[in-house]
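with the sequence up front, the predicted model follows.
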Amino acid sequence: CPPTRAAARMLPRRSLRVALLGLTNSGKSTLCNALVGEEVTIATAKRHTTRSDVRAVLVDGETQVVLVDTPGVLELDPHSRRERARNRLSFRGMSRAAPDALRESPLHLLVVDASRTDSVQRAEHTGAELGRLRAESRGKNDAQVVLALNKVDLARRTRDQGALARALTQACGVEPVRIFPVSALVGTGVEDLRSFLVRSARPGDWEFDDPRVKTDLTLGERALEILRAELHNHLHHQLPYVVRQQSHRWTQHSETGGVVLEVDLSMPTQSEVAILRSALGTIHRATLPKLQSLFETDQVRLVLHACRRSPRG
């Protein structure tokens, strides 16, 4: 018989911290959201949208799993190098986030896009980056490695899982303890991976004491992340990476629960400001329903301003 609710409360708490690592656009953030069951980290089709590590929280009974979604490992191609060189401020801190997350996590979840024709090469590159980052972390290198082969719903044929695992192992010197074919977008294999993570937890205090917590971001920060996702979805080329949220103001009415969020967005040139202004209506319409769902009220007012920032800004 299953334990009663009172007996369950007497069971010792278990916890686990998991670092997610993968190339840009491998679907890490989408997988993180799927595991938690809620959109807590930005996930778009654009590259490099995760700027710093975001903690998502999965709770199953007396077990808490904290997923640390790290910025994507920078691919060594000309486009990525130009992108990083142009937007140094936006990328600041990305290089430090992954080593820190790896050092603090006893389990490393590597996400590889299995739908691509070059998936073996990407597994090799992911493994090489894992080896480099584990060396930079200057911590214990005995963490278990789990391989998630993502986007299997888009693959024209099933990739040789053994070939991908061997490529990753040879590059980083660590063999995955488990391999999970998943589709974070449609949910294939996600429950199997979630159950494995829960079973891998060990007795220990929870990082977040409230079982209702889904992320370390505040409501206001999550609202700004939702807006940032829509900026990436509706702006093209370099524009999503140069737009900045200069300032924001938000208030919530104590009696009605209504929310007002006002955000100042800036661009480096006047021509880019004009492009941003032309897209604000579309961005507003895409963002508002998600904010209403986040704040659990239809009384949400979103005000967006676009301006040119000073050269020093």
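Nice, I can see it.

okay, now the unreliable bits of this protein?
Within the chain, the stretches with pLDDT under 70 are 1-10, 42-53, 72-98, 137-141, 155-160, 237-238, 312-313.

kindly recompute the last result at 50.
By pLDDT under 50, the low-scoring segments of the chain are 46-51, 76-77, 81, 89-94.

where do the strands of it begin and end?
Listed in chain order, the strands of the chain (DSSP state E) span 14-22, 54-60, 63-69, 107-113, 144-150, 178-181, 202-203, 244-252, 259-267, 300-308.

may I have the strands that pair with the third one, each with its orientation?
Sheet pairing of strand 63-69 (DSSP bridges) gives strand 14-22 (parallel), strand 54-60 (antiparallel).

strand 107-113 and the first one, what's the angle between them?
Between the axis of strand 14-22 and that of strand 107-113 there is an angle of 30 degrees, by axes from the mean of the first three to the mean of the last three CA atoms, to 10 degrees.

now do the shortest one
Taking the same axes, to 10 degrees, strand 54-60 and strand 107-113 form an angle of 110 degrees between their directions.

buried sites along strand 54-60?
Using 16 or more other CB atoms under 10 Å as the test for burial, strand 54-60 gives 54-59. C-betas here are computed from N, CA, C, even on glycine.

format the strands of the chain as JSON lines; extra columns: distance to residue 274.
Output for these, formatted as JSON lines (distance: least, CB to CB, whole Å):
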{"stretch": "strand 14-22", "distance to residue 274": "36"}
{"stretch": "strand 54-60", "distance to residue 274": "32"}
{"stretch": "strand 63-69", "distance to residue 274": "34"}
{"stretch": "strand 107-113", "distance to residue 274": "36"}
{"stretch": "strand 144-150", "distance to residue 274": "38"}
{"stretch": "strand 178-181", "distance to residue 274": "46"}
{"stretch": "strand 202-203", "distance to residue 274": "55"}
{"stretch": "strand 244-252", "distance to residue 274": "16"}
{"stretch": "strand 259-267", "distance to residue 274": "9"}
{"stretch": "strand 300-308", "distance to residue 274": "9"}
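
what's the longest helix in the protein?
Criterion DSSP state H: the longest helix present in the chain is helix 270-295.

turn the buried residues of strand 54-60 into a markdown table, including distance to residue 117.
Compiled in a markdown table, the buried residues of strand 54-60 are given as follows (distance: CB to CB, whole Å):
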| residue | distance to residue 117 |
| --- | --- |
| 54 | 30 |
| 55 | 34 |
| 56 | 31 |
| 57 | 36 |
| 58 | 33 |
| 59 | 39 |
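
select, from these, the two members most distant in space.
54 and 59 (16.8 Å; CB to CB).

please report the distance of residue 133 from residue 127.
Counting by CB to CB, to the nearest Å, the gap from residue 133 to residue 127 is 11 Å.
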